[in-house]
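Student: Sequence and predicted model, in that order:
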Amino acid sequence: MAGHDGTMEDREALRALWLEKAKTLSEALPYMRRFAKETVVVKYGGHAMGDAALAGTFARDMVLLKQVGINPVVVHGGGPQIQRMLERLKIQSDFVDGLRVTDEATVDIVEMVLSGSINKEIVSAITQAGGFAIGLSGKDGHLIRATKLRRTRRDPDSNIEKILDLGFVGEPTQVTPHVLNFFENADVIPVIAPIGQGPNGETFNINADTAAGAVAAALGARRLLMLTDVKGVLDADGDLIEEMTAGEAHRAVLEGTITGGMIPKVETCLKAVESGVEAAVILDGRVPHACLLELFTPHGAGTLIRRL
Ligand SMILES: Nc1ncnc2c1ncn2[C@@H]1O[C@H](COP(=O)(O)OP(=O)(O)O)[C@@H](O)[C@H]1O
Ligand SMILES: CC(=O)N[C@@H](CCC(=O)OP(=O)(O)O)C(=O)O
């Protein structure tokens, strides 16, 4: 970079660059006003948090949102990190419809990785970026009450519906926003691990997309941002779909354009918008400042799903 001793051309180029940055900041003003005092729930997926530099950028973005008067609430995943720990401990793990079958030994590891290391890493990154974050799991302050997830599957030969036992996989039954409202008023950024508490004190492993959707619905969030490791929802030709209505999303699942891990993600977005969240966006967490791009520019960063 040219300093004061650079050539005239260098200084002119630098000035043009800063003017461009000032223009971008100024253009963000109407968006900042639109989202001021609003809650934005950000689901930070395990794949999206792979890179240290990107994790730092994500933390700065959360601090910036708070600084301009928005209320960011982070719900994180950690699937790949749980997987690595289970492999180190030689514990076998299977998935049904993208959900980890969770026995007693596994739920202990899931809780340790999510509420322990990952949660504290994100809290620490936000603190490093100048923010004030507090880590929670769904067990704190009755935040996420859960029950055992019931899943059934129809056997194609006998046509009999079978109950699948996923162990300690939970689904949220109630989210109590009391503790989050308290944090909002105290300018704290909550960072939530997707662990739920059952009626008898059991610990439940909740898919992080599902947990984020339930938190967004309970808070009446203006946006649910789902950071993942693809551009967004892709069509049959592999092109990004920038906006989908609930009807189009349902159709894409039925037609098989949306498969695997994208199904629970899209279903969570649909449920969230049906529960009062204004819009949900599936966006590429590998793109630096993806949340800022989505909220503060006319160039959304992924696929927006809204009620209609
Ligand atoms: N139509 C689609 N558009 C984009 N991704 C899709 C689509 N259908 C299936 N997928 C798969 O869904 C994956 C995202 O879900 P998942 O791996 O569960 O994300 P995360 O770990 O971030 O929660 C993508 O990596 C892709 O393989
Ligand atoms: C029930 C279930 O599958 N829980 C997930 C929780 C973490 C998660 O969802 O993390 P990502 O968002 O990074 O995938 C798991 O055990 O992997």
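Tutor: Perfect, I can see it now. Ligands and ions are numbered 1, 2, ... in the order given.

Student: so residue 42 makes contact with residue 73?
Tutor: Yes - counting by CB atoms under 8 Å, residue 42 does reach residue 73; the two are 7.1 Å apart. C-betas here are computed from N, CA, C, even on glycine.

Student: who has more neighbours, the two?
Tutor: Relative neighbour count places residue 42 above the other of residue 42 and residue 73, with 29 against 24, counting by other CB atoms under 10 Å.

Student: Near ligand 1, which residues of the chain are found?
Tutor: Taking CB under 6 Å from any ligand atom as the contact definition, the chain meets ligand 1 at 45-47, 77, 79, 98, 209, 228-230, 233-234, 257-262, 265.

Student: and those, which are buried?
Tutor: The neighbour-count test (16 or more other CB atoms under 10 Å) applied to the residues of the chain next to ligand 1 identifies 45-47, 77, 79, 209, 228, 230, 233-234, 257-258, 261-262, 265 as buried.

Student: tell me the phi and psi of the residue of the stretch 201-308 of the chain found nearest ligand 1?
Tutor: Per CB to the nearest ligand atom, the residue of the stretch 201-308 of the chain with the smallest distance to ligand 1 is residue 261, at 2.2 Å. Here is the backbone geometry of residue 261 (degrees, to the nearest 10): phi -60, psi -20.

Student: Identify the residue nearest it in space, chain neighbours excluded?
Tutor: With CB to CB, 6 or more residues apart in numbering as the measure, residue 98 is the residue that lies nearest to residue 261, at 4.9 Å, once sequence neighbours are left out.

Student: Does that neighbour touch residue 266 like I think?
Tutor: No - between residue 98 and residue 266 there is no contact under CB under 8 Å: 11.7 Å.

Student: tally of neighbours for the residue in the stretch 201-308 of the chain positioned nearest to ligand 2?
Tutor: Minimum separation of the stretch 201-308 of the chain from ligand 2 (CB to the nearest ligand atom) falls at residue 208, amounting to 3.4 Å. Residue 208 is flanked by 24 other residues according to other CB under 10 Å.
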